[in-house]
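> got a structure for you, letters missing:
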């Protein structure tokens, strides 16, 4: 924080002329013609270490009859530091009598203390990426007046011409954008720069911003620690930032689902909005935040391809068909269909059923964490299905689901939306955000055709929504290689292909639609 601070000789002299500065310097300036050399050196020692040094040392010297520009520069260069008030008093006894700062400051230079305000160039922060990673570029916005950013970071508040600015917070913290979350209402996206932890982004609801206790809890949970004295100013700063943004830009809509958005002009994966014009950051909403963390690229695309291409080997067509659900699911909306289920089955473990689901998930993100489990509640499955929207939805080991639960899930998957619910406190319907058009990929040890037949005499409705087939054991991939590729390499390399695929889709939307419809016509 010291690197943000400088001193202005002009400021010291203005304060001195107004009776709120240094009497010794004012007297030295007004009596240059007769000034003794020790007192001249005292004055030069303050001028030399101020930001306006080049002007100040000559302003304090040019009134003397023996003034010479080069001599002044030479003598100034020998001064090693700003002289103290005691040295001023020694050169001119009694000159500090009546000074309001006597015994309160060590040197007159502190009276010109200023915080250097950041320039536009200072506000562009580049963080070097690791090997094979791009540099991060953060452009810090101008802070709302009277707040400003220090040259080397931090938030300050101006306190008038003669007063030193107040430091509000020592790190960079700022509002990035305003957004609307359909569940929690208006929110703000903020960024925090910490010297050891890097840059983190988080979201705070406006209802917390305007409540001091809630704001303190929200900020501290994200690492913003501020003393009681400064917290009121920090709250004022955040509110001022929001109000300024309200004049500048419309609040953006937070995404509640992944996949297609804005009439198929954009595709959302995790925290990324993929458009024909590029990829933009899209902060996750309260609904999508947990899953968005698992939709991030990890490792390298080439290493992932090496694993995924194993399913191109003859004999693994059943594995490939199910895995390619990852690429088929976003196309389902072109057919006017809401959903269907692919279930891969075999009574024994070790046939690769779970691996198929992991391979499918790896196109967009974490192979294992994107899998729902059979014992997740039905409501949890429906909510996750709604969030995934056009991305594939995977459920591992559905064997233990009852026929009744599976029947409900199968109908829900094909209907494309979760059921409406009434608010507990009124007769109003809750906001229903669970809708989708996607393919669900499941695995089980037993056939759901058979389970449904045991539940109903004519389960045709459910079975029309289900494609089910066995994954037989085979030795196409050696066990040691399969373990290395699926259990290790895939777990550390995933999430790249989905962005590439989505970018192609949004850039070639009409071609994609035409291709899908032509294939549908062949089947018809």
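Looks like it arrived, so ask away. The shown structure was predicted, so the numbers you read here are calculated from the model rather than taken from an experiment.

> Low-confidence bits of the stretch 151-300 of the chain, can you list those?
161-162 (pLDDT under 70).

> And the next helix or strand past the helix or strand hosting residue 201?
Here residue 201 sits within strand 198-205, counting by DSSP states H and E. The first helix or strand that comes after strand 198-205 along the chain, using DSSP H and E, is helix 206-209.

> Please compute how far that following helix lies from its chain's middle.
Distance of helix 206-209 from its chain centroid, counting by C-alpha atoms, centre = their mean, to the nearest Å, is 19 Å.

> Also stretch 63-74?
With C-alpha atoms, centre = their mean, you get 57 Å for stretch 63-74.

> now stretch 398-418
With C-alpha atoms, centre = their mean, you get 36 Å for stretch 398-418.

> I'd like the average pLDDT over it.
Here stretch 398-418 scores 77 as its mean pLDDT.

> what does that stretch rub up against?
Applying C-beta atoms under 8 Å, 6 or more residues apart in numbering, the set of residues contacting stretch 398-418 from outside is 338-341, 343, 374-375, 378, 381-383, 385-386, 393, 419, 432, 434-437, 440, 442-446, 448, 451-452, 454-456, 459, 461-462, 464-466. C-beta here means a position set from N, CA and C on the backbone, and glycine is covered the same way.

> The strand holding residue 201 packs against which elements?
strand 172-181, strand 185-194, helix 212-221 (3 or more C-beta pairs under 8 Å, 6 or more residues apart in numbering; DSSP states H and E).

> residues making contact with that strand?
127, 136, 138, 176, 179, 181, 184-194, 215, 218-219, 222-223, 283-284, 286, 289.

> Show me where the stretch 301-450 of the chain has its strands.
Along the stretch 301-450 of the chain, the segments classed as strands by DSSP state E, counting those that start in this stretch run 339-345, 371-373, 393-396, 438-444.

> Report the angle between the first one and strand 438-444.
Right, strand 339-345. Counting by axes from the mean of the first three to the mean of the last three C-alpha atoms, to 10 degrees, strand 339-345 points 20 degrees away from the direction of strand 438-444.

> Which strands border strand 339-345, and is each parallel or antiparallel?
If you go by DSSP bridges, strand 339-345 pairs up with strand 438-444 (parallel), strand 466-470 (parallel).

> Distance from the longest one to the middle of the chain?
Meaning strand 438-444. Distance, centroid of strand 438-444 to centroid of chain: 31 Å (C-alpha atoms, centre = their mean).

> Quick one: mean pLDDT over that strand.
Model confidence over strand 438-444, given as mean pLDDT, is 91.

> Report the separation between the residue nearest to the spatial centre of the chain and residue 168.
Nearest to the mean C-alpha position of the chain, by C-alpha atoms, centre = their mean, lies residue 201 at 3.4 Å. According to C-beta to C-beta, to the nearest Å, residue 201 stands 20 Å off from residue 168.

> to the chain's geometric centre, what's the distance from stretch 49-64?
48 Å.

> Am I right that residue 178 is in contact with residue 249?
Yes: using C-beta atoms under 8 Å, residue 178 is in contact with residue 249, at 7.1 Å.

> Neighbour count for the two, which is higher?
Using other C-beta atoms under 10 Å, the more surrounded residue of residue 178 and residue 249 is residue 178, with 19 against 10.

> Show me what the more buried one is bridged to.
Bridge pairing for residue 178 - DSSP bridges - gives residue 188.

> Tell me how many other residues surround residue 517.
Neighbour count of residue 517, defined by other C-beta under 10 Å: 12.

> got a pLDDT number for it?
Note for residue 517: predicted pLDDT of 95.

> mind listing what it touches?
The contact partners of residue 517, taken as C-beta under 8 Å, 6+ apart, are 334-335.

> what number of residues lie near residue 15?
Counted with other C-beta under 10 Å, the neighbours of residue 15 add up to 20.

> Ignoring the adjacent residues along the chain, who's closest to it?
Leaving out its chain neighbours, the residue that sits closest to residue 15 by C-beta to C-beta, 6 or more residues apart in numbering is residue 21, at 3.3 Å.

> How is that neighbour assigned, secondary-structure-wise?
Here residue 21 is recorded as coil under DSSP: H, G, I helix; E, B strand; the rest coil.

> Sounds good, over and out.
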